[in-house]
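> Okay, sequence plus prediction incoming.
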Amino acid sequence: MKFLRNLLDNIKPNFEKGGKFEKYYPVYDGIETFLFVPNHTTKIGSHIRDAIDLKRTMMTVIIALLPCMLFGMWNVGHQHYLAIGEMAGLGDGLMDKFLFGLIRVLPIIAVSYIVGLSIEFVFCIIKKHTINEGFLVSGLLIPMVMPVDVPLWMVGVGTAFAVIIGKEVFGGTGMNVLNPALTARAFLFFAYPTKMSGNMVWIDTNVASDSGKHIVDGFSGATPLGNLAELVSLDRTSARAAEIHQMIAPDGIHSLYNSFMGFIPGSIGETSALACLIGAVILIITGIGSLRIMASMFAGGLTMAMLFNAWDANMFMEVNAIHQLMLGGFMFGMVFMATDPVSAAQTPTGKIIYGFLAGFLAIMIRVFNPAYPEGVMLAILFMNVMAPLIDHYVVDANVKRRMKRLKTA
Amino acid sequence: MTTSKTVKIRKGMNIPLKGEADKVHGTPPVSDTFAIKPTDFHGIRPKLTVKQGDEVLAGSPLFFDKDNPDIVFTSPVSGEIAEIVRGEKRKILDILILADKQNRHVDFPKGNPSNMSREDVIKTLLKSGTWPMIRQRPLDIIANPSDKPKSIFISAFDSNPLAPDMDFVVHGNGDDFQTGLDALAKLTEGRVHLNVRNEQGASKVFLNARNVQVNKVSGPHPAGNVGVQIHHIDPINKGEVVWFVTPQDVLVIGRLFNTGKFDASRMVALAGPGIKKPQYYKTMIGASVKGLINEHATEGNHRIISGNPLTGKKIGKDGYLGFYDAQICVLDEGDHYEFFGWMAPGGNKFSLSRTYPSWLMKSKKYNIDTNLHGEHRAFVMSGQYEKVFPMDIFPVYLIKAIMANDIEKMEELGIYEVAPEDFALCEFVCTSKIDVQDVVRKGLDQIRIENAPAKHH
C-alpha cells in the first residue's frame, strides 16, 4: 500500500496544474481515488460525515448483481447444452456449463466496460470533470440485458449510445433522464431488431455448428414470452396452442418453477427471478434500492396480470399472474432498472405511483403488443420520462397543503 | 396551565459518537483572555464602540449592529481590550479582552419582569447585551426588537451528538430559569413553548415551569432542534415570526433580572473521542479553551469545535467558546488516505446506510473523524435525506430550488421554516457529499435580501 501511495504521490505533480499531463488529471484522479479514499476533510458544515460515498453505493449494486451474473453464466451454458442435447439434467456438468457461459459472457462485459469507461474518460478530460462512478453499474447492467448471441461490436455501439446520448449529453452522472443501461438495450432493439429478438439470439448455437455438434430436433430457441406471444393470434383449439400451453404447465420446460429459478432462455442476467430477489434483498437491506419502487412495481404488474386473467380476451391473458411476472425481464427490471435513483421518481409518494405504473404498463405492453413481448424495458423508460411529472404533482400537493395552513391559521 | 402537546418524531438518527461527557463537574483552568466574535452573529454588521486598551466591565458594550443600533453586544467580563483581530477586508474576527482577577459588572435595573412593561423588559435586554440570545425563525438570525413574535420556543434538550444534557445543566437553577421565562413571556402575545424530552423524566426545573406551555417531544435527533419543534407545534407561515432561546440563555436572562448583572457563566460539555475524561465545566461565554484542551486532550492531530460536530465552528487549540455554544468537541482530524477504503468491510465506520456492518452493532460507539469519506458528486439520492428530515417538507427539492436561485420555489417549498442546523443530518448522510447547510444558509441570506427594505439592494 505504502509503495502504491508513494508511486501515486511521485507521479501526481505531472498531472497537476503546470504538469506535463495536466489535461489528463481526471484519469489520474480516477485511478487515485479508486485505489485510495482521499485525505479530504470537511471544510464547511458538518464536521463529521457518513462513511458512505458513491463508490460504495455503486459497489453495493454490483454485489447485488452478482447472483444474476453468476447464474446467467451458468444458464448460458445450460441452455446451450440443452439445445445440443447434452447434459440436460440440472445437476449435470455444473462446471462445464458455467465455464461455457463465462467464456461467452466475459467478452460482452469487457466490451461494455472498455467502451463505456473510455468514453467517460474522454468526456471528463474534455469537460475537466472528475470521473464519476455511475458507469461501474451501467457497465454490468448492459451485458445482463443482452442476448448471449449479440455481436460484440453491437454491444460497443449500444454502450456508446447509452453513455453519450443517454447520459453525457444531459451532463453526466446524476443528470440523466433515462436509465443508461435500458437506453442501450432499447437502442439496439430498434436499430438491430433481428439481432436482439426472435428465435435465434437467446441461446448460443454458434458453437454447435463449429464443433460439428447438432441441435436437437424440435429445438426452437424462443423465449417463453416469444412463445406466449404467439398465443394471441392462435386458435384456442390449435395444436400449436396446446404445445405452448404444455410448455408453461407445471411439468413443462417453462413451468412456474423453471421460470422462477431461471432455467429458461432469455437475456444473460435476467432469467432468474430468484437471483433478482437475492439482489433485491441486498439492495433493500443496505438501503440502496427503494423498497417502495420494487413493491409497488410488483403490485402494478400483478394487478395488470390479474385484470387480464379476468378479462381473458386471448390466451396470453390467461397466464397465471405470478407466472407472468416471473417471465422475461420483469423481475430484473423491477429490481435493478426501475430503482435507479437518478431516473426514478424522487418523492416517497411519487415512487409508489412510478413503480405501480411501470409494472402495470410492462405487462400491458407485453400482452397487447405481440410483436414486442418484452414490455418491461419500454415501460420503465416511459416512466423515467414521466417521473419528473409525477414528482411535480406530489411536491405541488405539499405546497398546496402549506398554503392552506396559512388560510386556516 | 395550558394544554401541552406531545410530538413523536420518527425520522432522524442519533449519531453514536464516542466521548460523551460524564455528568460530573470538573474544575476548569482559569481563562484570562476572552473573545467575542462578531462572526457568531449571522447577518449583523458590527460597528465597534471600543478600541484596544479600553477598560470594560462585564456588560459594557463592545459593538453594535449598524442596521439596528439598539442591538448591542457586551463584554462577558471586566478587563482591558487586548486586541481587535481583523481578517480580510478588515472584517472583525475577535475582540479579545484580558480579564481582571475580580469580575466587576455594569449595574442594570433589577426587578421581577412579570411586573415590568414589555418595553422595559426589552430595554433591559438590549442594554445588557442579552438581546442577541433571542433569535428568530425564519432566517435564523437575531430577533428584531420591533417585531411581535407569534410565539417563543425553548428546546429543553439538545439531541445533537455529544450535546450537553440540559437537565443536568439547569439543575438547581430553577429561580433564574423561571425569571427568564417570565421575561420572555412579556415579549409575545402568544405562548412560550418549553419542549422537554419525552423519553426520560425531565428536570423539575422544566416540568415545574410556570407561565409557559410545556410540550413533550420524543424521538431521535433532530427532535431537539427548535426548528423541528416549531414545525410540529406552531408552524411558521410566510410573514410570521417565531423567536427562540436556549435554556442556558434563559438562565442568563433570568440572572440579569434577579441580580441586575450580565452574568455570562455557562456550563460546557467538553466531549469527543479526543478527550481523556469527557465531563462538564462551568466557564463563561467567550472563554479561551486553551487551558481545557491542553489539560484534557489526548495526543494527536485534533480538530477543536465550539459547538457540536454537526453544526459547530472549527476553532484552534487557542480558540474561544462561541456565544451560543455549550459544548466543545475534540475530534480526530481525518486527513489520511485509505487504501480501497470504499471497498473494505469497514467495521469501525459508521453509516446510516447498511452498506457498512455498523447497522448490526447497535450499541457500538464510533470514533468518527473529520474525513469526508469520498468526494463531491452530483446529486444521486436514494431517499437518504427523507429518512433524517422530520418535517413535512421535501428537502431535496428545497435544496435544488436554492441552488437554482428560485426564490418563489424556495418560499413554496418551506424555506421560512428551516435553518441550516435542520439540514445537518442530511449533510451528514449525503452520499454525494454536498455542503447542504451552506446551501441553506445562502438561500436564507437571499430571502433576507429579497424581503429587506430598499437600503440593502
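Nice, thanks for sending it over.
> burial of whichever residue of the stretch 151-300 of chain A sits closest to chain B, as a residue count?
Here the residue of the stretch 151-300 of chain A nearest chain B is A:Gly174; by Cβ to the nearest Cβ that distance is 2.9 Å. In this view, the C-beta of every residue, glycine as well, is placed from N, C-alpha and C. When neighbours are defined as other Cβ atoms under 10 Å in any protein chain shown, A:Gly174 has 18 of them.
> quick check, it in a helix?
No - A:Gly174 is assigned coil when assessed by DSSP: H, G, I helix; E, B strand; the rest coil, not a helix.
> and the closest residue to it other than its chain neighbours, which of the three is it?
Beyond its immediate neighbours in the sequence, the residue positioned closest to A:Gly174 (Cβ to Cβ, 6 or more residues apart in numbering or on different chains) is B:Ala378, lying 2.9 Å away. Assigned by three-state DSSP, the conformation of B:Ala378 is coil.
> How many residues are close by B:Ala378?
One way to gauge burial is a neighbour count; for B:Ala378, by other Cβ under 10 Å, it gives 17.
> Give me the pLDDT for it.
The predicted structure scores B:Ala378 at 80 on the pLDDT scale.
> Identify the residues contacting the strand or helix carrying A:Leu274?
A:Leu274 is located in helix A:273-286, with elements delineated by DSSP states H and E. Here helix A:273-286 makes contact (Cβ atoms under 8 Å, 6 or more residues apart in numbering or on different chains) with A:60-61, A:63-65, A:67-68, A:70-72, A:259-262, A:269-270, A:289, A:291, A:294, A:325-326, A:331-332, A:334-336, A:339, B:353-355.
> Would you mark the buried spots in it?
By 16 or more other Cβ atoms under 10 Å in any protein chain shown, the buried positions in helix A:273-286 come out as A:273-280, A:282-286.
> got it, and stretch B:98-115?
Neighbour-count burial for stretch B:98-115, with 16+ other Cβ under 10 Å as criterion, is recorded at B:99-100, B:103, B:105-106, B:108, B:111, B:113-114.
> likewise stretch A:225-240?
Taking 16+ other Cβ under 10 Å as the basis for neighbour counts, the residues of stretch A:225-240 that come out buried are A:225-232, A:234.
> Below-threshold pLDDT in the chain: ranges please.
Just so you know, I chose chain A. Applying pLDDT under 70 to chain A picks out residues A:200, A:205-213, A:217-219, A:370-371, A:373, A:407-409.
> hmm, I had chain B in mind actually
Counting by pLDDT under 70, chain B has low-confidence residues at B:1-3, B:199, B:453-457.
> So B:Gln80 sits against B:Ser60, correct?
Just to correct that, residue B:80 is Glu rather than Gln. No - using Cβ atoms under 8 Å, B:Glu80 and B:Ser60 do not qualify as a contacting pair, with a distance of 11.4 Å.
> For these two, indicate the residue with more neighbours.
In this comparison of B:Glu80 against B:Ser60, neighbours counted by other Cβ under 10 Å, the higher total goes to B:Ser60 at 23 against 15.
> The more buried one touches B:Val106, doesn't it?
Yes - counting by Cβ under 8 Å, B:Ser60 does reach B:Val106; the two are 5.8 Å apart.
> Overlap in contacts, these two.
Listed as contacting both B:Ser60 and B:Val106 by Cβ under 8 Å, 6+ apart are B:Thr74.
> Now do the strands in the stretch 151-300 of chain B.
For the stretch 151-300 of chain B, the strands defined by DSSP state E, counting those that start in this stretch occupy B:151-155, B:191-197, B:213-218, B:242-244, B:265-271, B:279-284.
> relative to strand B:265-271, how tilted is the last one?
If you take axes from the mean of the first three to the mean of the last three Cα atoms, to 10 degrees, strand B:279-284 sits at 150 degrees to strand B:265-271.
> and strand B:279-284, which strands flank it?
Using DSSP bridges, strand B:279-284 pairs in its sheet with strand B:22-26 (parallel), strand B:265-271 (antiparallel).
> Give the buried residues for it.
By neighbour count, and taking 16+ other Cβ under 10 Å as the criterion, the buried residues in strand B:279-284 are B:279-281, B:283-284.
> Make a markdown table from these and add distance to B:Gly254 to it.
What follows is the buried residues of strand B:279-284, written out as a markdown table (distance: Cβ to Cβ, whole Å):
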| residue | distance to B:Gly254 |
| --- | --- |
| B:Gln279 | 25 |
| B:Tyr280 | 20 |
| B:Tyr281 | 21 |
| B:Thr283 | 19 |
| B:Met284 | 16 |
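> Now flag whichever of the residues you listed is closest to B:Arg135.
Sorting the buried residues of strand B:279-284 by how near they are to B:Arg135, with Cβ to Cβ, puts B:Met284 at the top with 20.0 Å.
> Show the contacting residues for the residue of the stretch 151-300 of chain A closest to chain B.
Residues near A:Gly174 by Cβ under 8 Å, 6+ apart: A:132, A:134, A:342, B:377-380, B:432.
> give me that answer again for 6 Å
Residues in contact with A:Gly174, defined by Cβ atoms under 6 Å, 6 or more residues apart in numbering or on different chains, are A:342, B:378-380.
> shouldn't B:Ala297 be in contact with B:Gly274?
Yes - in this structure, B:Ala297 is within contact of B:Gly274 by Cβ atoms under 6 Å, at 5.3 Å.
> hang on, isn't B:Arg45 packed against B:Asn68?
No - with contacts counted by Cβ under 6 Å, B:Arg45 stays clear of B:Asn68, the gap being 9.3 Å.
> more neighbours, the two?
Of the pair B:Arg45 and B:Asn68, B:Asn68 is the one with more neighbours under other Cβ under 10 Å, namely 16 against 12.
> Okay, and the beta partners of the more buried one?
In this structure, B:Asn68 has the following beta-bridge partners (DSSP bridges): B:Asp65.
> quick one: A:Ile363 and A:Met306 touch, right?
No - contact criterion Cβ under 6 Å: A:Ile363 and A:Met306 do not qualify, at 9.6 Å.
> and these two? which has more neighbours close in?
Using other Cβ under 10 Å as the criterion, A:Ile363 and A:Met306 rank with A:Ile363 on top: 28 against 15.
> what's the burial count for residue 335?
With no chain named, the answer covers chain A. For A:Val335, the number of neighbouring residues by other Cβ under 10 Å comes to 30.
> Wait, chain B was what I had in mind.
Counted with other Cβ under 10 Å, residues neighbouring B:Asp335 total 15.
> and residue 317, what does it touch?
Assuming you mean chain A. Taking Cβ under 6 Å, 6+ apart as the criterion, A:Met317 is in contact with A:308, A:311.
> meant chain B, my bad for not saying
For B:Lys317, the contact set (Cβ under 6 Å, 6+ apart) comprises B:293, B:304.
> tell me the contacts of the closest residue to A:Ser259 other than its chain neighbours?
In space, and not counting its chain neighbours, A:Ser259 is closest to A:Met326: 4.1 Å by Cβ to Cβ, 6+ apart. A:Met326 is in contact with A:259-260, A:273, counting by Cβ under 6 Å, 6+ apart.
> residues near the closest residue to chain B within chain A, how many?
Across chain A, the shortest distance to chain B (Cβ to the nearest Cβ) belongs to A:Asp53, at 2.5 Å. If you count neighbours by other Cβ under 10 Å, A:Asp53 ends up with 28.
> How about the residues of the stretch 51-200 of chain B by chain A?
Counting by Cβ under 6 Å from any Cβ of the partner chain, no position of the stretch 51-200 of chain B is adjacent to chain A.
> how does it look with 10 Å?
By Cβ under 10 Å from any Cβ of the partner chain, the residues of the stretch 51-200 of chain B that approach chain A are B:150, B:161.
> can you give me the helices for the stretch 51-200 of chain B?
If you assign secondary structure with DSSP state H, counting those that start in this stretch, the helices in the stretch 51-200 of chain B sit at B:118-128, B:166-170, B:174-185.
> Dump those helices into a markdown table; add mean neighbour count as well.
Conversion of those to a markdown table gives the following (neighbours: other Cβ atoms under 10 Å in any protein chain shown):
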| stretch | mean neighbour count |
| --- | --- |
| helix B:118-128 | 19 |
| helix B:166-170 | 21 |
| helix B:174-185 | 23 |
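> Relative to B:Gln437, tell me which of the ones you listed wins on proximity.
Of all the helices of the stretch 51-200 of chain B, the one in closest proximity to B:Gln437, counting by Cβ to Cβ, is helix B:166-170 (22.8 Å).
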